[in-house]
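Q: coords below, sequence missing:
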């Protein structure tokens, strides 16, 4: 399909078009509303978008959906496979179902909202993206997370926030276990305000006092001369 | 990386479509395992008859001659049906004895499975071509397990293809790699397990078969496996009336399960489930680490 012919509010049907055609068309349009049908678990759908697009996907997607997203708003009406919104830069990615492993990995900015559960390693190596998970997250979530936030309304798996840097973690449910150097921290006014803003942005009605904050004890990531022999 | 699929039918009306649906699933995962492929189908049984599936190693085998010699050795009638490079023997004699005799006396072929219900077929090369050549689409039955392989632990041969089966009506497919399989193989061999390959997944299959023979339930055998099998794995296991999925405690090998009123399906990725009837309305979840998910026709 010629990109120039693609109108706004286009329906892109993966039963009729190839994945490459669909992604190319989204890249060629810097704005507009698109509805993608029949994703059937396809990989790398709506990746690398850079523009004020609204992309809605009806069905379950495979690996790396909305990776590297910039400015665009991508909604998946279904579940997402491994590496959802990996390394996203800005914009909004919203999944109405569950997300598999490594959702939001290395994300630099923007907002990722997962209405269901996210499995292992959600927000691994986070670098500025804000993630709100309305369900629970799996083990090793927020591993080595440097900046940004992970808000979990449900519970966490084992080793939550292991080797954490400066990302802010908020959990309403139960933390199964904390990872190395991750501790519960005081919820000060600025954290309450930040959490309120994130909950509002994600359209969540929950009350801020229901959450606990977790952060880095900062014992692991500073060089400590007593540890010189370990290197 | 490998691709695994499993389909367990709850609605009997779908049984004629088992092979066709499993074939659709397997085709979606060709790129996860382009080296080789195989499938196990739990199909028609006739009371008191054991089926033994074999495949030749590198050239034609006189299957009729093998059937005659096997019959004489175990003192029972043996019928044989050939499918491409595979043979299915049917006998009312003792299955375990027959399997051991075939492993010892037919060096030109591998024994793939033995049991009342199970039939296993496997090959090297493009999974879609293997599905076609070995006629998966036309096969009927209650449940099936399939695998597309990208080899990591042992050679790309027919014998190294999955599913692996060492026990009566039991089979296993594996995505991952085990690190303690050599020692475990020695221990199991000392207790009489017969191995045909150097493959780590065959050890997992033999381990589960040995636990089931020792009286474990399928659930119990897999829970014991969490203690005894060291490595990365997503397993799908089939028994005569059951089907189970388990992932190791780190759970880095993918798995998704979908269930409707009519079927339970497991696959490495959702795209292999998408072609199933009613997949759009299925309950879908990612199996948690170190947790057994099991279904049984008996229950």
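A: In hand now; what should we look at? Keep in mind the model is a prediction, meaning the values are calculated, not measured.

Q: ok, the residue of chain A found nearest chain B - contacts?
A: Relative to chain B, the nearest point of chain A is residue A:41 (3.0 Å; Cβ to the nearest Cβ). The way it works is simple: take the backbone N, C-alpha and C, and place the C-beta from them, glycine included. The contact partners of residue A:41, by Cβ atoms under 8 Å, 6 or more residues apart in numbering or on different chains, come to A:60, A:61, A:62, A:81, B:28, B:269, B:270, B:271, B:272, B:273, B:274.

Q: any low-confidence regions in chain B?
A: Chain B contains residues with pLDDT under 70 at B:299.

Q: let's see 80
A: Within chain B, the ranges that satisfy pLDDT under 80 run B:153-154, B:298-299.

Q: quick one, phi psi at the most centrally placed residue in it?
A: Ranked by distance to the mean C-alpha position of chain B (Cα atoms, centre = their mean), the top residue is residue B:163 at 3.3 Å. Dihedral angles of residue B:163 (phi, psi; degrees, to the nearest 10) stand at phi -70, psi 160.

Q: residue contacts, it?
A: Contacts for residue B:163 (Cβ under 8 Å, 6+ apart) come out as B:38-40, B:113, B:120, B:122, B:145-147, B:171-173, B:205, B:238.

Q: out of the residues you listed, list just those in helices.
A: Per DSSP state H, helices hold the following members of those: residue B:205.

Q: with adjacent residues omitted, what lies nearest to whatever residue of chain B ends up closest to chain A?
A: For chain B and chain A, the shortest gap (Cβ to the nearest Cβ) falls at residue B:271, measuring 3.0 Å. Leaving aside its sequence neighbours, residue B:271 sits nearest to residue A:41 (Cβ to Cβ, 6 or more residues apart in numbering or on different chains; 3.0 Å).

Q: kindly report the same for residue B:261.
A: Spatial nearest neighbour of residue B:261, excluding adjacent residues (Cβ to Cβ, 6+ apart): residue B:10 at 6.7 Å.

Q: what residues does chain A have near chain B?
A: Chain A comes close to chain B at residues A:40-43, A:59-60, A:62-63, A:79, A:81-82, A:97-98, A:100-101, A:119-120, A:138-139, A:157, as judged by Cβ under 8 Å from any Cβ of the partner chain.

Q: so can I have a markdown table of the contacts of residue B:163 showing distance to residue A:193?
A: Below are the contacts of residue B:163 laid out as a markdown table (distance: Cβ to Cβ, whole Å):
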| residue | distance to residue A:193 |
| --- | --- |
| B:38 | 58 |
| B:39 | 57 |
| B:40 | 58 |
| B:113 | 63 |
| B:120 | 61 |
| B:122 | 61 |
| B:145 | 53 |
| B:146 | 53 |
| B:147 | 52 |
| B:171 | 57 |
| B:172 | 53 |
| B:173 | 51 |
| B:205 | 57 |
| B:238 | 55 |
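
Q: one step back: now the residue nearest to residue B:271: how far from residue B:231?
A: Here residue A:41 is placed at a distance of 27 Å from residue B:231 (Cβ to Cβ, to the nearest Å).

Q: run through who's touching stretch A:188-200.
A: If you take Cβ under 8 Å, 6+ apart as the criterion, stretch A:188-200 is touched by A:111, A:130, A:132, A:149, A:151, A:168, A:170, A:187, A:205-206, A:208, A:211, A:213.

Q: what residues sit buried inside that stretch?
A: For stretch A:188-200, burial by neighbour count (16 or more other Cβ atoms under 10 Å in any protein chain shown) applies to A:191, A:194, A:195, A:198, A:199.

Q: among the residues of chain A next to chain B, which are in strands?
A: Nothing among those maps onto strands, per DSSP state E.

Q: hang on, isn't residue A:106 packed against residue A:86?
A: Yes: counting by Cβ atoms under 8 Å, residue A:86 is a contact partner of residue A:106 at 6.4 Å.

Q: out of the buried residues of stretch A:188-200, which two sit at the greatest distance?
A: Greatest spacing in those, by Cβ to Cβ: A:191 and A:199 (12.3 Å).

Q: which residue, other than its chain neighbours, is closest to residue B:115?
A: Going by Cβ to Cβ, 6+ apart, residue B:115 has residue B:169 as its nearest residue, at 3.2 Å.

Q: please identify the helix or strand for the one you found.
A: Assigned by DSSP states H and E, residue B:169 falls within no helix or strand.

Q: how about residue B:243?
A: Applying DSSP H and E as the criterion places residue B:243 in strand B:242-247.

Q: would that strand count as contacting chain A?
A: No: counting by Cβ under 8 Å from any Cβ, chain A is not contacted by strand B:242-247; separation bottoms out at 10.1 Å.

Q: what does the very next helix or strand once past that strand rub up against?
A: Sequence order places strand B:256-259 as the next helix or strand after strand B:242-247, per DSSP H and E. Where contact means Cβ under 8 Å, 6+ apart, the residues beyond strand B:256-259 that reach it are A:81, A:100, B:245, B:264-270, B:273, B:276, B:279, B:282-287, B:293.

Q: just the buried ones out of these, please.
A: Buried residues within those, counting neighbours by 16+ other Cβ under 10 Å: A:81, A:100, B:245, B:264-270, B:273, B:276, B:279, B:282, B:284-287, B:293.

Q: among those, which are in helices?
A: Using DSSP H, none of the buried ones among the contacts of strand B:256-259 sit in helices.

Q: touching, residue A:174 and residue A:155? I think so.
A: Yes: with contact defined as Cβ under 8 Å, residue A:174 counts as touching residue A:155 (4.5 Å).

Q: looking at the two, which is more packed in?
A: Remark: of residue A:174 and residue A:155, residue A:155 carries more neighbours, 16 against 10, as counted by other Cβ atoms under 10 Å in any protein chain shown.

Q: state the pLDDT value of the closest residue to the more buried one other than its chain neighbours.
A: Spatial nearest neighbour of residue A:155, excluding adjacent residues (Cβ to Cβ, 6+ apart): residue A:173 at 3.8 Å. For residue A:173, the pLDDT comes out at 98.

Q: confirm residue A:173 sits in a helix?
A: No: using DSSP: H, G, I helix; E, B strand; the rest coil, the assignment for residue A:173 is coil, not a helix.

Q: burial count for it?
A: Around residue A:173 there are 16 other residues, counting by other Cβ under 10 Å.

Q: can you give the domain ranges for chain B?
A: B:3-44+B:137-296, B:46-116 (automatic domain parsing).

Q: so how far is the first one from its chain's centroid?
A: I take that to be domain B:3-44+B:137-296. Distance of domain B:3-44+B:137-296 from its chain centroid, counting by Cα atoms, centre = their mean, to the nearest Å, is 6 Å.

Q: angles on the backbone of the residue nearest to residue B:271, please.
A: Torsion angles at residue A:41 (phi, psi; degrees, to the nearest 10) stand at phi 80, psi 20.

Q: just the one 4 residues further on next, same as before
A: According to degrees, to the nearest 10, the main-chain angles of residue A:45 amount to phi -80, psi 140.

Q: burial of residue A:11, as a residue count?
A: Burial of residue A:11 is recorded as 11 neighbouring residues (other Cβ under 10 Å).

Q: before we move on, what about residue B:250?
A: Using other Cβ under 10 Å, residue B:250 has 15 neighbouring residues.

Q: and it, what does it touch?
A: By Cβ under 8 Å, 6+ apart, the contact set of residue B:250 is B:232, B:289.

Q: could you do the one 4 residues further on as well?
A: Residues touching residue B:254, when contacts are defined by Cβ under 8 Å, 6+ apart, comprise A:81, A:82, A:100, A:101, B:175, B:234, B:268, B:269.

Q: what residues does the stretch 1-150 of chain B have near chain A?
A: Within the stretch 1-150 of chain B, the positions adjacent to chain A are residue B:28 by Cβ under 8 Å from any Cβ.
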